[in-house]
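Asks: I need the structure of the sequence given here:
(one chain, ligands or ions: 2)
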Amino acid sequence: MDCVFCMIRDGKIPTRKVYEDDKMLAFYDIEPAAPVHIVMIPKEHIASANELNADNAGIVAHIFSKVPEIAKSVGLDGGYRVVNNCGADGGQTVFHIHFHLLGGKTLGKMA
Ligand code: 5GP
Ligand code: ZN
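Replies: Numbering: from 1, shown residues only. Ligands and ions are numbered 1, 2, ... in the order given. You can find the predicted model right below:
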């Protein structure tokens, strides 16, 4: 499948990983939008938040349950922002659901 994040999951594209378990992976974004910018993905390919349902949404809780640990491991002691872009109007460019973990400075208002 022609999915960048599936290729990262499969080790076909190298990344700086910060966390991995059997269900998810977190790595540094290649084009950081903040001093610290991590991308958190499920290992299962789900195209976007718009494809979540009662059967597959447990992965979202799993990813969020790891946010404090991941944030601490990359030094985000003063707080952070978690963002999901969904679909064309949401600014999504990679269609494998992911959550951005942003911080390292005082972030401005959201768009
Ligand atoms: P989106 O715009 O879909 O919410 O976020 C996709 C993110 O993936 C972007 O911030 C982009 O910089 C990041 N990204 C795209 N391709 C790669 C890659 O090959 N490696 C890494 N580490 N990040 C990527
Ligand atoms: Zn994928």
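Asks: List of residues touching the one helix or strand Met40 maps to?
Replies: Using DSSP states H and E, Met40 sits in strand 36-42. Here strand 36-42 makes contact (CB atoms under 8 Å, 6 or more residues apart in numbering) with 5, 8-9, 18-19, 23-29, 59, 62-63, 66-67, 70, 74-76, 80, 96-104. C-beta coordinates here come from the backbone N, C-alpha and C atoms, glycine included.
Asks: From Ala71, how far off is Gly58?
Replies: Relative to Ala71, Gly58 is positioned 21 Å away (CB to CB, to the nearest Å).
Asks: neighbour-wise, which of these two wins?
Replies: Ala71 (19 against 12; other CB atoms under 10 Å).
Asks: Excluding sequence neighbours, find me the nearest residue to that one.
Replies: Leaving aside its sequence neighbours, Ala71 sits nearest to Tyr80 (CB to CB, 6 or more residues apart in numbering; 5.3 Å).
Asks: Show the low-confidence segments of this structure, by residue range.
Replies: Filtered on pLDDT under 70, the chain yields no residues whatsoever.
Asks: Where do the helices of it begin and end?
Replies: 4-9, 58-73 (DSSP state H).
Asks: residues making contact with the last one?
Replies: Among residues not part of helix 58-73, those counted as contacts by CB under 8 Å, 6+ apart are 18-19, 21, 23-24, 26, 38, 40, 42, 44, 46, 52, 80, 82, 99, 101, 103.
Asks: Up against ligand 1, what does the chain have?
Replies: Counting by CB under 6 Å from any ligand atom, the chain comes close to ligand 1 at 4, 13, 15, 27-31, 39, 85, 91-94.
Asks: So which residues of this structure form strands?
Replies: Taking DSSP state E, the strands of the chain run over residues 17-20, 24-28, 36-42, 81-83, 99-103.
Asks: So which residue is smack in the middle of the chain?
Replies: The chain has Met40 as the residue nearest its centroid, 2.4 Å off, counting by CA atoms, centre = their mean.
Asks: Now do that residue against Ala33, distance only.
Replies: Taking CB to CB as the measure, Met40 falls 14 Å from Ala33.
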